[in-house]
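Novice: this is a predicted model, with the sequence first.
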Amino acid sequence: MKTARWHGVKDIRVEDIPEPKPGKGEVKVKVAWTGICGSDLHEYLAGPIFIPVGEDHPLSHDQAPITMGHEYCGTVSELGEGVTDLAVGDRVAIEPIFACGDCPACLEGKYNLCDTLGFVGLSGGNGGFAASSVVPARMVHKMPDGISMEQGALVEPAAVALHAVRLSKIKAGDKAAVFGAGPIGLLVVESLRVAGASEIHVVEPSEVRRQKALDLGATSVIDPTTTDAVAAIRETTGGVHVAFEVTGVPQVLPQCIDATRHEGQVLVVSIWEKEASFQPNTVVLKERQLQGTIAYRNVYPAVMALMTQGYFSAEQLVTKWIALDDIVAEGFEALVAEKSHVKILVEAPD
């Protein structure tokens, strides 16, 4: 079957591999749509980050080259032995986390903090940039009838955003700032609306993305190339209760800290290619909190329930639909060259 596989930095190849078969406790899914994630782009430009090279991942037992794609959905096409709570034809979204189940975090139910955390399509496994994918049945979530397949490909990134907001200290009526209005940043804006934030200030250099943030409920948008974002936020709010860092740009982290009020909180959502520095006194002297967040846990059902209410809409967030054959030129390279794109979906081959 046709797949898109990571071989190295700026070396993603569309090539044929044998079609996988489901083993015991596994499910085969005919892939419909797969989103290109910011993490995928990091691997393309500066990897390996999550991708195992030269040594198998301890849970996937795979190493590069691997089939990419972890934001995906499709239709169950075959059931492995022992799978009884799914049926052929079920429309499903994939929760692509590899977790050991035995480390202290896993035993506390916090499987996204697993000591050997991995992701299908990044750490190995049968990723979504392919005609079919085989995954453990526990990764498969039935989609409500009211959710389209395009919408199903957004469940994974929406889960990242909703988990980040749930993890934060935000309360109804609080003020928030979101630095970065890429796909996750925009989904954080919507998640903040769900949480009842009274003001949401978005910092983003792309005019198209700033407008999209306003369309999705942002109170104000700031172009950091022409305006001092921290000064503008503090003048308007006196400092927000929570700031979300969703850029992965080193100089933005101290701006997020400075934009918060005393006892404010910074949620670091990005995956980073480089180190970032800040003056610790900016945290110490105002008793601020710096909190990291990775992926999600136990949140897919809530995401899909919100989707049935109109949140996290594919019509609002998807800016391009492409074929798998065009994934490098029209996908990865387009995201590098055109910062106006929000989410690009890749259609699975037949």
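Specialist: Alright, I've got the coordinates. Numbering: from 1, shown residues only.
Novice: could you pull out the helices in the stretch 51-200 of the chain for me?
Specialist: For the stretch 51-200 of the chain, the helices defined by DSSP state H, counting those that start in this stretch occupy 104-107, 149-152, 155-167, 183-195.
Novice: other SSEs contacting the last one?
Specialist: It refers to helix 183-195. helix 155-167, strand 175-179, strand 199-203, helix 207-215, helix 314-317 (3 or more C-beta pairs under 8 Å, 6 or more residues apart in numbering; DSSP states H and E). Every residue, glycine included, has its C-beta placed from N, CA and C.
Novice: now, of the ones you listed, which is deepest in the fold?
Specialist: strand 175-179 (a mean of 30; mean count of other C-beta atoms under 10 Å).
Novice: circling back to that earlier point, out of the helices and strands packed on helix 183-195, which gets nearest to residue 283?
Specialist: strand 175-179 (16.2 Å; C-beta to C-beta).
Novice: low-confidence ranges, the stretch 101-250 of the chain, go.
Specialist: Within the stretch 101-250 of the chain, no range satisfies pLDDT under 70.
Novice: picking that back up, redo the helices of the stretch 51-200 of the chain as JSON lines? Include distance to residue 276.
Specialist: Below are the helices of the stretch 51-200 of the chain laid out as JSON lines (distance: least, C-beta to C-beta, whole Å):
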{"stretch": "helix 104-107", "distance to residue 276": "24"}
{"stretch": "helix 149-152", "distance to residue 276": "34"}
{"stretch": "helix 155-167", "distance to residue 276": "18"}
{"stretch": "helix 183-195", "distance to residue 276": "17"}
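Novice: which among those helices is found nearest to residue 65?
Specialist: helix 155-167 (22.2 Å).
Novice: returning to what we had before: which one of the helices and strands packed on helix 183-195 lies closest to residue 285?
Specialist: Comparing the helices and strands packed on helix 183-195 by C-beta to C-beta, strand 175-179 comes nearest, at 19.6 Å.
Novice: which secondary structure elements does the closest one sit against?
Specialist: Going by 3+ C-beta pairs under 8 Å, 6+ apart, strand 175-179 lies up against helix 183-195, strand 199-203, helix 229-237, strand 240-245, helix 252-258.
Novice: how about the CA coordinates for the fourth one, as PDB?
Specialist: Once non-C-alpha atoms are left out, strand 240-245 reads as follows in PDB (Å, rounded to 0.1, in the frame of the first residue of the first chain):
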ATOM      1  CA  VAL A 240      -3.900  37.900  32.200                       C
ATOM      2  CA  HIS A 241      -4.600  35.000  34.500                       C
ATOM      3  CA  VAL A 242      -3.200  32.400  32.100                       C
ATOM      4  CA  ALA A 243      -1.000  32.700  29.000                       C
ATOM      5  CA  PHE A 244      -0.600  29.800  26.600                       C
ATOM      6  CA  GLU A 245       2.700  29.500  24.700                       C
END
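Novice: quick revisit: out of the helices and strands packed on strand 175-179, which gets nearest to residue 85?
Specialist: Comparison of these against residue 85 by C-beta to C-beta identifies helix 183-195 as nearest, at 28.3 Å.
Novice: okay, the angle between that closest one and helix 207-215?
Specialist: 10 degrees (axes from the mean of the first three to the mean of the last three C-alpha atoms, to 10 degrees).
Novice: next, the angle helix 155-167 makes with helix 183-195.
Specialist: 50 degrees.
Novice: give the buried residues for helix 183-195.
Specialist: 183-192, 194-195 (16 or more other C-beta atoms under 10 Å).
Novice: and what of stretch 325-340?
Specialist: Buried, per 16+ other C-beta under 10 Å, within stretch 325-340: 327-328, 330-332, 334-335.
Novice: what's the burial count for residue 263?
Specialist: 12 (other C-beta atoms under 10 Å).
Novice: list phi and psi for it.
Specialist: phi 60, psi 20 (degrees, to the nearest 10).
Novice: which ones are touching residue 77?
Specialist: The contact partners of residue 77, by C-beta atoms under 8 Å, 6 or more residues apart in numbering, come to 28-30, 88, 132.
Novice: could you list the domains of this structure?
Specialist: Domain assignment for the chain, taken from automatic domain parsing, gives 2-154+312-347, 161-292.
Novice: can you tell me how far the closest residue to residue 66 other than its chain neighbours is from residue 116?
Specialist: Setting aside the residues directly before and after it, residue 66 is nearest to residue 124 in space (C-beta to C-beta, 6 or more residues apart in numbering), at 5.2 Å. Per C-beta to C-beta, to the nearest Å, residue 124 is found 12 Å from residue 116.
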